[in-house]
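**Q** fold the following.
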Amino acid sequence: MASQEVLRRVFGYDSFRGDQQEIVDHVVAGGDALVLMPTGGGKSLCYQVPSLVREGTGVVVSPLIALMQDQVDALRDLGVRAGFLNSTQFPDERAMVEAEFLAGELDLLYLAPERLRTEQTARLLDRGKIALFAIDEAHCVSQWGHDFRPEYLALSHLHERWPDVPRVALTATATEATRAEIAERLKLQDARHFVASFDRPNIQYRIVPKNEPKKQLLELLRTEHAGDAGIVYCLSRNSVEKTAEFLTQNGVQALPYHAGLDSETRARNQSRFLREDGLVMVATIAFGMGIDKPDVRFVAHLDLPKSVEGYYQETGRAGRDGLPSTAWLAYGLQDVVQQRKMIDDSEGDLAHRRRLMAHLDAMLALCEAVECRRVQLLNYFGQPAEPCGNCDTCLNPPETWDGTIAAQKVLSTIVRLRNERRQKFGAGQIIDILLGRKTAKVIQHDHDQLKVFGIGTELNESGWRGVVRQLLAQGLLAVEGEYSTLVTTPGSDEVLFQGRQVPMRREPERAARVRATRTAKGAAPQVELSAEATPVFERLRAWRAATAKEQGVPAYVIFHDATLRQIASSGPSTLAELGTVNGVGENKLAKYGQQILDTLSA
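**A** Below is the predicted model:
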């Protein structure tokens, strides 16, 4: 079958989006490809369609063992002959899949990278016909990336053992340097590179000053995302547990996910998140890679991500269906102190720590941005952009102010403590001194006798914490030692003695609360439901939920919301009319068509 015919008959779409057609044609013709496409941009079609067009079985390398069953279920529901081999299977299950592969009865076979490294699996593949190799989540090969998997390094041997089989490596997150590293480590230097726009216009990026972040999160959910599915990322396991408990106690259905939970609990919570509507997953970054749930309406960070790549990858799990979604981050002074300290304490040589610091500096620059967040985010990935009009800094621009004198007061306090008392303290003590607070600790150390005591009453504590945070972000302060004491840097002397100016960001009084309205480029615009169509859509969702529960699969495996919206609005009365709706392929039409028509006429 030609690629266009496969797209229509199997997947139910009339046309490819963006670069998909060009990528598919290139791979079908036997070419190697390195594909960078944002989450929700349709990466999977770039290897699924060629696997169905080319002779043999498409072998998909994926690190997502826990999700392989759902991926295979979704393909089988489309009529695609798919299977997987991983460590969760019983021997007889593996034997059956291997037999199907050897008999040419599989269109797609999913493998974990560690299984592909075994000689037993290699001999199995030698005996069958391979259409292509698809290396999903290819950024996992980057040793300096946020999701490094050492087993991915061995995938370079694919070209050596099967030189005539085309390879396509795919990722949603990679700077130009990471892209070069992927090409080098996977021996894809001669592959054709396809780089789609990283812009996700349907996602509204918002970063707010941290002030009781769990309460801030709860307000966000109650005012904007009541009943929505979402992901909340925390840095520590303890924070995950406490946040999930806090949300549950306040009427939000929330589940924890982190590496400290037993595998059965993690699998159960992940399965519930994928299969039930309106659940919130509170997790460390161990959760989320490859999550295909299309209706995640928000991704919230209660702690600062370590890199822009990690932030983009995690926020990209929102709004895969192209509908309005929110990426929300609470960011404060302690985040900067904690991340700087973690880098100082990290293993590895100086070059490694410098690389980590560069990642953090880029993330801090995004947080402290005065202009459009989206412009800064896309520029980081080497793509020019115009102000979006749909992030917090566009909707409610922050003011800038000359923070030079405030910076000098902070730095002078630190220098006086060092020179006059041979002492170092953290931000709290510095701020108490500037505000003239006679706390027990200030009295104990006679800090009320310093010339700088009480010289900072023009700002409140929150204001001074913002000043310290921005000085750390600009490299004009550093963190040192077990107790995260503040110390000066070479840049500090420029501010104190050489007239260096220090512009600072003043947070708006109220963070913007406007919901995203734009739709992802190339995606179908959201179908607005009329008063008559809305109850029809809800009936279709109820039918879908019951059908998914009966089959034991996530609801989106049956149909996406976007497809149900189009059905509810167009009101098809025949199978032929229903077959023209985007997302209704031949297999789904035959399987569910009459049930949908019955639901519409109920």
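
**Q** C-alpha from now on. contacts and neighbour counts both.
**A** Fine.

**Q** what is the burial count for Ala180?
**A** When neighbours are defined as other CA atoms under 10 Å, Ala180 has 14 of them.

**Q** so which strand or helix has it?
**A** Using DSSP states H and E, Ala180 falls within helix 176-185.

**Q** do I have it right that Gly389 meets Pro397?
**A** No. Counting by CA atoms under 8 Å, Gly389 sits too far from Pro397 to count as a contact (10.3 Å).

**Q** domains of this structure?
**A** 3-195, 203-398, 401-506, 533-601 (automatic domain parsing).

**Q** now do the same end-to-end measure for the shortest one.
**A** Using CA to CA, to the nearest Å, one end of domain 533-601 lies 13 Å from the other.

**Q** for that domain, what is the average pLDDT?
**A** Averaging pLDDT along domain 533-601 gives 91.

**Q** also stretch 333-347?
**A** The average pLDDT within stretch 333-347 is 85.

**Q** now it: buried residues?
**A** Residues 333-337, 339-341, 343-344 are the ones in stretch 333-347 that count as buried (16 or more other CA atoms under 10 Å).

**Q** which other helices and strands contact the helix or strand where Ile443 lies?
**A** Ile443 is located in helix 440-444, with elements delineated by DSSP H and E. Contact partners of helix 440-444 among helices and strands, from 3 or more CA pairs under 8 Å, 6 or more residues apart in numbering; DSSP states H and E: helix 427-435.

**Q** re the thing from before, could the buried residues of stretch 333-347 go into CSV alongside distance to Thr563 and secondary structure?
**A** Putting the buried residues of stretch 333-347 into CSV (distance: CA to CA, whole Å; DSSP: H, G, I helix; E, B strand; the rest coil) gives the following:
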residue, distance to Thr563, secondary structure
Leu333, 44, helix
Gln334, 44, helix
Asp335, 41, helix
Val336, 43, helix
Val337, 46, helix
Gln339, 43, helix
Arg340, 46, helix
Lys341, 48, helix
Ile343, 46, helix
Asp344, 50, helix
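
**Q** could you list the low-pLDDT ranges of the chain?
**A** With pLDDT under 70 as the threshold, the chain has low-confidence stretches at 1, 143-147, 289-290, 508-527.

**Q** give me the distance between the two termini of stretch 9-26.
**A** End residues of stretch 9-26 are separated by 21 Å (CA to CA).

**Q** grab the most central residue of the protein for me.
**A** Among the residues of the chain, the one closest to the centroid is Glu314, at 1.6 Å (CA atoms, centre = their mean).

**Q** what's the offset of the host helix or strand of that one from the middle of its chain?
**A** In this structure, Glu314 is located in helix 308-315 according to DSSP H and E. A distance of 5 Å separates the centroid of the chain from that of helix 308-315, by CA atoms, centre = their mean, to the nearest Å.

**Q** that helix: which residues count as buried?
**A** Across helix 308-315, burial judged by 16+ other CA under 10 Å covers 308-315.

**Q** thought Lys438 was touching Asp448?
**A** Yes. Lys438 lies in contact with Asp448 (CA under 8 Å); the separation is 6.8 Å.

**Q** what about these two, which has more around it?
**A** Regarding Lys438 and Asp448, a neighbour count based on other CA under 10 Å identifies Asp448 as having more, with 19 against 16.

**Q** check the gap between the residue lying farthest from the centre of the chain and Gln594 for me.
**A** In the chain, the greatest distance from the average C-alpha position (CA atoms, centre = their mean) is reached by Gln449, at 50.1 Å. Gln449 sits 84 Å away from Gln594, taking CA to CA as the criterion.

**Q** next one: Leu529
**A** Leu529 sits 23 Å away from Gln594 when distances are taken as CA to CA.

**Q** again with Leu477
**A** Taken as CA to CA, the span from Leu477 to Gln594 is 67 Å.

**Q** between these two, who's got more neighbours?
**A** Higher neighbour count among Leu477 and Gln594: Leu477, with 23 against 15, using other CA under 10 Å.

**Q** the more buried one bridge partners, please.
**A** Judged by DSSP bridges, the bridge partners of Leu477 are Thr488.

**Q** Asp493 is in contact with that one, correct?
**A** No. Here Leu477 lies out of contact with Asp493, judged by CA under 8 Å, at a distance of 10.5 Å.

**Q** helix, strand or coil for the residue nearest to Glu586 when sequence neighbours are not counted?
**A** The shortest distance from Glu586 to any residue other than its chain neighbours is 5.2 Å, reached at Arg9 (CA to CA, 6 or more residues apart in numbering). For Arg9, the secondary structure call by DSSP: H, G, I helix; E, B strand; the rest coil comes out as helix.

**Q** residues touching Arg9, list them.
**A** By CA atoms under 8 Å, 6 or more residues apart in numbering, the contact list for Arg9 reads 585-587.

**Q** and it, how far is that from Val584?
**A** Per CA to CA, Arg9 is found 9 Å from Val584.

**Q** just checking: what are the partner strands of whichever helix or strand comes after the helix holding Glu314?
**A** Reading on from helix 308-315 to the C-terminus, the next helix or strand found by DSSP H and E is strand 325-331. When pairing is defined by DSSP bridges, strand 325-331 lines up against strand 203-209 (parallel), strand 296-301 (parallel).

**Q** out of the contacts of Arg9, which one sits closest to Leu125?
**A** Distances from Leu125 to those, taken as CA to CA, are shortest for Asn587 (28.7 Å).

**Q** by contact count, what packs against whichever strand or helix holds the closest one?
**A** Secondary-structure assignment from DSSP H and E places Asn587 in helix 586-601. With contacts defined as 3+ CA pairs under 8 Å, 6+ apart, helix 586-601 has these neighbours: helix 533-551, helix 575-578.

**Q** export those to CSV and tack on distance to Ile23?
**A** Conversion of the helices and strands packed on helix 586-601 to CSV gives the following (distance: least, CA to CA, whole Å):
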stretch, distance to Ile23
helix 533-551, 32
helix 575-578, 29
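
**Q** most tightly surrounded among the ones you listed?
**A** Each of the helices and strands packed on helix 586-601 was assessed for mean neighbour count using mean count of other CA atoms under 10 Å. The highest is helix 533-551, with a mean of 17.

**Q** after that one, next one along is what?
**A** Next along from helix 533-551, by DSSP H and E: helix 555-558.

**Q** next one: whichever helix or strand comes after that next one to chain centre, how far?
**A** Stepping forward along the backbone from helix 555-558, the first helix or strand reached (DSSP H and E) is helix 561-570. Going by CA atoms, centre = their mean, the spacing between the C-alpha centre of helix 561-570 and its chain's C-alpha centre is 27 Å.

**Q** now do the buried residues in helix 561-570.
**A** Within helix 561-570, judged by 16+ other CA under 10 Å, the buried ones are 561-569.

**Q** just those residues now: which is nearest Arg115?
**A** Closest to Arg115, out of all of these and judged by CA to CA, is Asp561, at 35.3 Å.

**Q** one step back: who's in contact with the helix holding Glu314?
**A** Counting by CA under 8 Å, 6+ apart, 39, 145-146, 172-175, 285, 288, 299-300, 305, 327, 359-360, 362-363, 377, 380 sit against helix 308-315.

**Q** nearest residue to Ala172 in space, please, no chain neighbours.
**A** What sits nearest to Ala172 in space, not counting adjacent residues and going by CA to CA, 6+ apart, is Pro38, at 4.5 Å.

**Q** isn't that neighbour up against Val195?
**A** No. In this structure, Pro38 sits apart from Val195 without contact. The criterion is CA under 8 Å, and the distance is 9.4 Å.

**Q** so those two - more neighbours on which side?
**A** For Pro38 and Val195, the more surrounded residue by other CA under 10 Å is Pro38, and the numbers stand at 23 against 15.

**Q** no further questions, thank you.
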